[in-house]
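Q: could you work out the structure for the sequence below:
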Amino acid sequence: MTYRSLHMRFQTELVPARLIRRYKRFLADCTLEDGREVTAHCSNPGSMLGLAEPGMRIWLEPNDDPKRKLNYGWRLIDQENGHFTGVDTSLPNRAIKAALEAREIDALSKYGTIRPEVKYAENSRIDFLLTEPGLPDTYVEVKSATLSRSPGLAEFPDSVTKRGAKHLKDLAAMARLGHRAVLLYLVQRTDCTEFALAADIDPGYAAAFADARAAGLETMVIATHITPQEIALADHLPLKE
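A: Below is the predicted model of the structure:
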């Protein structure tokens, strides 16, 4: 399936480039097709394991916004085999918010009030709190998955994430109080057909996940359709135990 409401087109036409290097987490030096070297903003603070190798073909979004320090934003990785990976870690929350508001995620479609960034638990904020009279409150945490070390298999996390483990602990606490707790992984790459936890990368996260599942945590994995023109939500993927 493809979600009807979710075709998030890039604001300006993307241009291809080659990655020279990514550094300081948010910066990437690139070579445009005409030979010019430019620096692009990388909107991904994570490790980007396997996704920031020099020479990779990437796609940049130009801008002429005087308020921005850089004239390019790194948006996609082109795997040069017909598949793409999304770089922007802010996109999953925007995409899921639109899908929730359009009531296109079946398991969450009965909720009419969607509130982002609500404080809860101990010094935490939930990505979305869903409420509806007569239904239990639903706490939804969204994660972006871009790691793939085996053909067809997306994984999370790509590095140790104590913050992610805390989110799981907080979700487990909500489930134990009788609320619904949902962890939604958005797979921002088009070459994967199933999903698994990268327990070898972060055993602590995997343990927190198992505890939260035992407490009643619900999990969803949603794939994406990605082109240099747009990103859209696509099929649900199975969680490989």
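
Q: and the longest helix anywhere in the chain, how far from the chain's centre?
A: The helix that spans the most residues within the chain, counting by DSSP state H, is helix 162-176. Here helix 162-176 shows a centroid-to-chain-centroid distance of 18 Å under the convention CA atoms, centre = their mean, to the nearest Å.

Q: counting by contacts, list what the next helix or strand after that helix packs against.
A: Sequence order places strand 180-187 as the next helix or strand after helix 162-176, per DSSP states H and E. Secondary-structure packing of strand 180-187 (3 or more CB pairs under 8 Å, 6 or more residues apart in numbering; DSSP states H and E): helix 91-101, strand 138-145, strand 152-156, helix 162-176, helix 203-215, strand 218-226. For glycine as for every other residue, the C-beta is placed from the backbone atoms N, C-alpha and C.

Q: list the buried ones in the third one?
A: Judged by neighbour count (16 or more other CB atoms under 10 Å), strand 152-156 contains these buried residues: 153, 154, 155, 156.

Q: for stretch 117-130, same thing?
A: 120, 121, 124, 126, 127, 128, 129, 130.

Q: pretty sure the last one contacts residue 136?
A: No. In terms of CB atoms under 8 Å, residue 130 does not count as a neighbour of residue 136; the distance is 9.5 Å.

Q: distance of the residue sitting nearest the centre point of the chain relative to residue 18?
A: Most central in the chain under CA atoms, centre = their mean is residue 144, positioned 2.0 Å from the mean C-alpha point. Plainly put, residue 144 is 24 Å away from residue 18 if you go by CB to CB, to the nearest Å.

Q: name every strand pairing with the worst-scoring helix or strand of the chain on mean pLDDT and say which way it goes.
A: Ranked by mean pLDDT, DSSP states H and E, the helix or strand of the chain with the weakest confidence is strand 7-9, at a mean of 83. Next to strand 7-9 in the sheet, as set by DSSP bridges, lie strand 230-236 (antiparallel).

Q: what comes up buried for the partner strand?
A: Within strand 230-236, the residues that count as buried by 16+ other CB under 10 Å are 231, 232, 233, 234.

Q: got the buried residues for the longest helix of the chain?
A: 164, 165, 167, 168, 169, 170, 171, 172, 173, 174, 175.

Q: nearest to residue 227 among these?
A: Nearest to residue 227 among these, counting by CB to CB, is residue 164 at 29.1 Å.

Q: excluding sequence neighbours, find me the nearest residue to that closest one.
A: Spatial nearest neighbour of residue 164, excluding adjacent residues (CB to CB, 6 or more residues apart in numbering): residue 205 at 5.4 Å.

Q: repeat for residue 80
A: Using CB to CB, 6+ apart and skipping the chain neighbours, the partner closest in space to residue 80 is residue 57 (5.5 Å).

Q: show the pLDDT at that neighbour.
A: Looking at residue 57, its pLDDT reads 98.

Q: one more: the one 3 residues further on?
A: In the predicted model, residue 60 carries a pLDDT score of 97.

Q: just want the angle from the helix or strand harbouring it to strand 218-226.
A: Using DSSP H and E, residue 60 sits within strand 57-62. Inter-element angle recorded for strand 57-62 and strand 218-226: 90 degrees (by axes from the mean of the first three to the mean of the last three CA atoms, to 10 degrees).

Q: buried stuff in strand 57-62?
A: Residues of strand 57-62 classed as buried by neighbour count (16+ other CB under 10 Å): 58, 59, 60, 61.

Q: no further questions, thank you.
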